[in-house]
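K.L.:
Need the 3D shape of this:
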Amino acid sequence: MPPCLSWLLDLSRWRWVPLSLVLLLNGCSYYAQLLNGQVDLLARREPISELLAKPDLDPQLRQRLLLAEDARSFASRQLALPDNQSYRLYADLGRPYVVWNLFATPEFSLEAQTHCFPIAGCVAYRGFYEQNRARGAAALLKQEGLDTYVAGIEAYSTLGWFADPLLNTMLRWDDQRWVSVIFHELAHQQFYLPGDTAFNESYASFVETEGLRQWRAAKGLKAAENGARERQREQFSSLVLASRERLQSLYTSGQTEAQMRVGKAAEFERLRGEYQVLRSSQWAGDGRYDAWMYGPLNNAKLLPFGLYDQWQPAFAALFVEVNGDWPRFYAAVKALGELPDDQRQKRLAQLHRGRTDQAALESKP
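P.N.:
Model prediction:
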């Protein structure tokens, strides 16, 4: 383990980190910026209760913070999520994203370049607290022949090692998203399996979805409808996932690099064409995904798709198995996470099939 990683491993157990310790990370500029960025974020935190006591607080921010307080209490009281200081704090970072994640793949592969860290395990990206640092790192990887993609991220969890705040980067979300992200990020604190992003995100996304359903019911709100925006998101994701499958077939076809390069370019043109048809025929010309689609396309840009919902039906089935009992559900998730990789994947697939079959039966007239 590099010296800088061993320092981070030790420091991760602290509830505060002196800025002077950044100087101890000699020669480890990437890890130094991670530590420096996290320390800066922690220093900007303010208790929501103190902010609400200020008479001159922006009315819109006040409304959001009051809503967050209510949702935060509901999360621990009704969803059995951790009862700690996370999301009882707020921080204004003065920028649109908290971090920028850099994804990278080989030119003819959809396998992500992974990076391993203390606490989080191995993940398919590197995070940067400054956009220019992320772009600079991406440029270096491009010189090595890799496909790269930099994505702005609005929130993340430290998995309970620190008291995570709500952030100004999240304020542009609507009330429903503002509430549900609290459930999502606390779910990561409840359980996290290092090295399995699809497992972690699908589990947390199920907690978010079911938690929001219960929240709305408790508040007497009408059940959230799968409206036009959500349907568009699902259709767009399906379009990209289908393209990814075709690329996977191309990269394992045994063709020469020159042939694959031509096929890859043709596939991205096909994806753009199918998107144009979908946008004009079903979305009345709504171009909410135009910027993503008409920017540069490559393998790395496709990586995030599917991670957040791949196993959601499996976790929904698991929730039914425990009769909707949250503590039993978390215990079952933990037991599932402790299985060897092959057994865990087999069990998830079994749960997924059962849930899908049940949904198909329920949809029949």
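
K.L.:
neighbours around Ala217, how many?
P.N.:
Applying the criterion other Cβ atoms under 10 Å, we find 11 residues in the vicinity of Ala217. For every residue, glycine as well, the C-beta is placed using N, CA and C.

K.L.:
isn't it right next to Gly211, touching?
P.N.:
No: at 10.8 Å, Ala217 does not count as touching Gly211 under the criterion of Cβ atoms under 8 Å.

K.L.:
Find the nearest non-adjacent residue to Trp131, please.
P.N.:
I think there's a mix-up here, since residue 131 is Gln and not Trp. Leaving aside its chain neighbours, Gln131 sits nearest to Trp100 (5.0 Å; criterion: Cβ to Cβ, 6 or more residues apart in numbering).

K.L.:
Over to that neighbour. Which of the three states is it?
P.N.:
For Trp100, the secondary-structure state derived from DSSP: H, G, I helix; E, B strand; the rest coil is strand.

K.L.:
repeat for the one 4 residues further on
P.N.:
Going by three-state DSSP, the secondary structure assigned to Ala104 is strand.

K.L.:
ok, it - contacts?
P.N.:
Contacts were defined as Cβ atoms under 8 Å, 6 or more residues apart in numbering; by that measure Ala104 touches Ala112, Gln113, Ala138, Leu141, Leu146, Asp147, Thr148, Tyr149, Ala300.

K.L.:
Quick check: closest non-adjacent residue to the first one.
P.N.:
Sequence neighbours aside, Ala124 is the residue nearest to Ala112 in space, at 3.5 Å (criterion: Cβ to Cβ, 6+ apart).

K.L.:
so Val240 is in which element?
P.N.:
When elements are assigned from DSSP states H and E, Val240 belongs to helix 228-251.

K.L.:
And that helix, what does it pack against?
P.N.:
helix 257-282, helix 299-302 (3 or more Cβ pairs under 8 Å, 6 or more residues apart in numbering; DSSP states H and E).

K.L.:
Can you show me the CA trace of the one helix or strand Arg135 maps to as CSV?
P.N.:
Element membership for Arg135 (DSSP H and E) is helix 131-143. The C-alpha trace of helix 131-143 is given here as CSV (Å, rounded to 0.1, in the frame of the first residue of the first chain):
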residue,chain,number,x,y,z
GLN,A,131,-13.3,20.1,-12.5
ASN,A,132,-10.0,21.1,-14.1
ARG,A,133,-8.1,18.3,-12.2
ALA,A,134,-10.6,15.8,-13.6
ARG,A,135,-10.2,17.1,-17.1
GLY,A,136,-6.4,17.1,-16.8
ALA,A,137,-6.4,13.5,-15.7
ALA,A,138,-8.8,12.6,-18.5
ALA,A,139,-6.4,14.2,-21.0
LEU,A,140,-3.5,12.1,-19.8
LEU,A,141,-5.6,8.9,-20.1
LYS,A,142,-6.7,9.9,-23.6
GLN,A,143,-3.0,10.1,-24.6
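
K.L.:
Go through the next helix or strand after it and flag the buried ones.
P.N.:
Remark: after helix 131-143, the chain's next helix or strand is strand 147-153, criterion DSSP H and E. In terms of neighbour count (16 or more other Cβ atoms under 10 Å), strand 147-153 has its buried residues at Asp147, Thr148, Tyr149, Val150, Ala151.

K.L.:
Can you list the strands that strand 147-153 pairs with?
P.N.:
Based on DSSP bridges, the strands next to strand 147-153 in the sheet, each with its direction, are strand 99-105 (antiparallel).

K.L.:
Now the element after the strand it pairs with, going C-ward?
P.N.:
Heading C-terminal from strand 99-105, the first helix or strand you meet, by DSSP H and E, is strand 115-117.

K.L.:
Which one, of the helices and strands packed on helix 228-251, ends up nearest to Ala80?
P.N.:
Each of the helices and strands packed on helix 228-251 was checked against Ala80 via Cβ to Cβ, and the shortest separation belongs to helix 299-302, namely 35.6 Å.

K.L.:
From the chain's centroid, how far away is the closest one?
P.N.:
Computed by Cα atoms, centre = their mean, to the nearest Å, the chain-centroid distance of helix 299-302 equals 16 Å.

K.L.:
Flag every buried residue along the very next helix or strand once past it.
P.N.:
Where DSSP H and E defines the elements, the next helix or strand beyond helix 299-302 is helix 312-321. Neighbour counts over helix 312-321 (16+ other Cβ under 10 Å) mark Gln312, Pro313, Ala314, Phe315, Ala316, Ala317, Leu318, Phe319 as buried.

K.L.:
Could you measure from the residue nearest to Gln255 when sequence neighbours are not counted over to Lys346?
P.N.:
Leaving aside its sequence neighbours, Gln255 sits nearest to Gly263 (Cβ to Cβ, 6+ apart; 7.0 Å). Applying Cβ to Cβ, to the nearest Å, the value for Gly263 to Lys346 is 33 Å.

K.L.:
Having no further points to raise, I will conclude here.
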